[in-house]
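A.B. asks: What follows is a predicted structure for the sequence shown.
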Amino acid sequence: MNKFVGYRCSLCGTEYSPTEITYTCPKDDGNLDVVLDYDAIKNKYEPEDILSRADASLWSFLPLLPVAEPEGEATPLHLAGGTPVFKLTRLAEKLGLQNLWLKDESRNPTASFKDRASAVVVARAREIGAEVVVTASTGNAGAALAGMSAAVGQKSIIFAPRSAPQAKVAQLLIFGAKVILVDGTYDDAFDLTIQASNEFGWYCRNTGYNPFTAEGKKTAAFEIWEWWRDAHARWHDEFGEDLDHPPLTVFVSVGDGNIISGLHKGFKDLHQLGWLPRIPRIVGVQADGSASISNAFHGNTETITPVSARTIADSISVDLPRDGVRAVRAAKETGGTYVNVSDEEIIRAIAELGGAGVFAEPAGAAAYAGLVKAAASGVVGSEDPVLVLNTGNGLKDVRAAMQAVAEAPIIEPTLEAVKKLL
Ligand SMILES: *Cc1c(COP(=O)(O)O)cnc(C)c1O
Ligand SMILES: [Zn+2]
């Protein structure tokens, strides 16, 4: 069954066949949505066919993806996704919420959400016989592409700003990618990567440029759906069938706007199949110093005005978001909103999540910082069920983490010194 039928431009609506185009709309540079044959999928599958698969990875959702799973034994690429959801009971109490969960994307093979996109893009690269895959990255997208590529023996090249956190650069190098550090911003690296891929015929994974990244990222929405079906059913058992409760609200941090667009696409796919009656409310969180999508949302426009980005959360530090329009719509069409947080609030959120046993990098903690603000301002009420995505592992940026805590004392190795300290 060929379920991948083509692309539709998110700006002008023009449709293209799968072989006609590789990246964005030639008319207006709009981001392309992958179009699937929903009728064929619906005729062939029931939700139970998909949910009964034993492997906890994004490949459980293969019937809803526009690529085939790469053949061979299980590798990190085959194990991307399938991340856990757990309750944050004490933090929920602190915020006055009755039901708060966290989906921990730091458990992905290279420790960030980006593995979802890179696994699917590498699968696509194998299908089209691409010799080299390249991406611009603030670090995580590159680490994910390098890791997923290494897993299946695909050549990869990563352009990152020279300011990228050291641990992320180490990951790139360890995975054996060709790493090129650009003396400039992420946006400079982004534009250079597109020029270089055109010049040398490389397959470009750039976020908000390659339509397959959102297809990988939408698998998080599928997993949220899978989890929520159960959580919701348990809830009804407890409170009775007729409970009319508010929809699930999902908090996610936003840089280029591709994760939030991918989540929205995943929920829309399920809705179109008739498998998800009510699409969750999506709340995007941006850093004060990198808030161009939020600015557009609150200015009630789809025109994204670039900023000169400055934030400790390197993964969401973007001058010109490459998936801004769809990112604005993800909040607007689901009844969500955008919340901005300061670097201080992000740093505090790192410590608060840490106190619950979750170690998040700044961009991951930003989503929780956004929830703190939203709970205080009434954007979410105490009865709203809330899911926060932690998109990246704290070990990726230890320097930022150390700003969230006091330094540990150093003592002489004597009991006397311990007593004195206590
Ligand atoms: C990339 C990234 C984001 C933001 O995703 P966008 O698609 O750029 O909006 C958030 N958190 C982490 C850890 C990331 O790596
Ligand atoms: Zn177009």
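C.D. replies: It's in. Ligands and ions are numbered 1, 2, ... in the order given.
A.B. asks: Can you give me every residue that contacts residue 53?
C.D. replies: Going by C-beta atoms under 8 Å, 6 or more residues apart in numbering, residue 53 touches residue 60. C-beta here means a position set from N, CA and C on the backbone, and glycine is covered the same way.
A.B. asks: For the stretch 251-400 of the chain, list the residues in contact with ligand 1, please.
C.D. replies: 253-259, 315-316, 361, 363-364, 391-392 (C-beta under 6 Å from any ligand atom).
A.B. asks: Look up how far residue 96 lies from the residue positioned nearest the centre of the chain.
C.D. replies: Closest to where the C-alpha atoms of the chain average out (C-alpha atoms, centre = their mean) is residue 259, at 3.9 Å. Noted for residue 259: a distance of 27 Å to residue 96, by C-beta to C-beta, to the nearest Å.
A.B. asks: residues from the stretch 51-200 of the chain in reach of ligand 1?
C.D. replies: 112-114, 140.
A.B. asks: Among those, which lie within helices?
C.D. replies: Counting by DSSP state H, these place 114, 140 in helices.
A.B. asks: quick check, nearest of the residues of the stretch 51-200 of the chain next to ligand 1 to ligand 2?
C.D. replies: residue 114 (26.1 Å; C-beta to the ion).
A.B. asks: and the protein, what are its domains?
C.D. replies: Domain assignment for the chain, taken from automatic domain parsing, gives 1-44, 76-109+214-402.
A.B. asks: Most tightly packed of those domains?
C.D. replies: When these are scored by mean count of other C-beta atoms under 10 Å, the highest mean neighbour count falls to domain 76-109+214-402 (a mean of 21).
A.B. asks: What's the end-to-end length of that domain?
C.D. replies: Distance between the two ends of domain 76-109+214-402: 30 Å, counting by C-alpha to C-alpha, to the nearest Å.
A.B. asks: Residue 180: what secondary structure?
C.D. replies: strand (DSSP: H, G, I helix; E, B strand; the rest coil).
A.B. asks: could you give the angle of the host helix or strand of residue 148 to strand 178-182?
C.D. replies: Using DSSP states H and E, residue 148 falls within helix 140-152. Interaxial angle, helix 140-152 versus strand 178-182 (axes from the mean of the first three to the mean of the last three C-alpha atoms, to 10 degrees): 170 degrees.
A.B. asks: does residue 12 sit in a helix, a strand or a coil?
C.D. replies: Classified using three-state DSSP, residue 12 is coil.
A.B. asks: how about it, what does it touch?
C.D. replies: 25, 27-28, 30.
A.B. asks: mind checking pLDDT for it?
C.D. replies: Predicted confidence (pLDDT) for residue 12: 98.
A.B. asks: Could you tell me how far it is located from ligand 2?
C.D. replies: 3 Å (C-beta to the ion, to the nearest Å).
A.B. asks: Identify the residues contacting the one residue in the stretch 301-422 of the chain that gets nearest to ligand 1.
C.D. replies: Scanning the stretch 301-422 of the chain for the residue nearest ligand 1 gives residue 392, at 2.8 Å (criterion: C-beta to the nearest ligand atom). Residue 392 makes contacts with 105-106, 111-113, 140, 315, 360-361, 363-364, as judged by C-beta under 8 Å, 6+ apart.
A.B. asks: Quick check: the residue in the stretch 1-150 of the chain positioned nearest to ligand 1 vs residue 348, distance?
C.D. replies: Proximity of the stretch 1-150 of the chain to ligand 1 (C-beta to the nearest ligand atom) peaks at residue 140, 3.4 Å away. Residue 140 is 22 Å from residue 348, where distance means C-beta to C-beta.
A.B. asks: can you list the domains of the chain in CSV and add distance to residue 177?
C.D. replies: Supplementary listing: those in CSV, determined by distance: least, C-beta to C-beta, whole Å:
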stretch, distance to residue 177
domain 1-44, 21
domain 76-109+214-402, 14
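A.B. asks: And for stretch 298-313, what's in contact with it?
C.D. replies: Taking C-beta under 8 Å, 6+ apart as the rule, stretch 298-313 contacts 185, 253, 287-293, 295-296, 317-321, 324-325, 328-329, 338, 343, 346-347, 361-363, 365-366, 400, 403.
A.B. asks: Kindly check the end-to-end length of that stretch for me.
C.D. replies: End to end - C-alpha to C-alpha - stretch 298-313 spans 22 Å.
A.B. asks: any idea how far that stretch is from the chain center?
C.D. replies: Taking C-alpha atoms, centre = their mean, to the nearest Å, one finds stretch 298-313 lying 18 Å from the centre of the chain it belongs to.
A.B. asks: How about stretch 386-393?
C.D. replies: On C-alpha atoms, centre = their mean, the centre of stretch 386-393 falls 9 Å from the chain's centre.
A.B. asks: Compute the mean per-residue pLDDT across it, please.
C.D. replies: For stretch 386-393, the per-residue pLDDT averages 98.
A.B. asks: Can you show me the CA trace of that stretch as PDB?
C.D. replies: Output of stretch 386-393 as PDB, limited to C-alpha atoms (Å, rounded to 0.1, in the frame of the first residue of the first chain):
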ATOM      1  CA  VAL A 386      -1.400  18.900  31.600                       C
ATOM      2  CA  LEU A 387       1.500  17.200  29.800                       C
ATOM      3  CA  VAL A 388       4.900  18.800  29.700                       C
ATOM      4  CA  LEU A 389       7.500  17.700  27.200                       C
ATOM      5  CA  ASN A 390      11.100  17.600  28.300                       C
ATOM      6  CA  THR A 391      12.800  17.800  24.900                       C
ATOM      7  CA  GLY A 392      16.500  17.400  25.900                       C
ATOM      8  CA  ASN A 393      18.800  16.000  28.500                       C
END
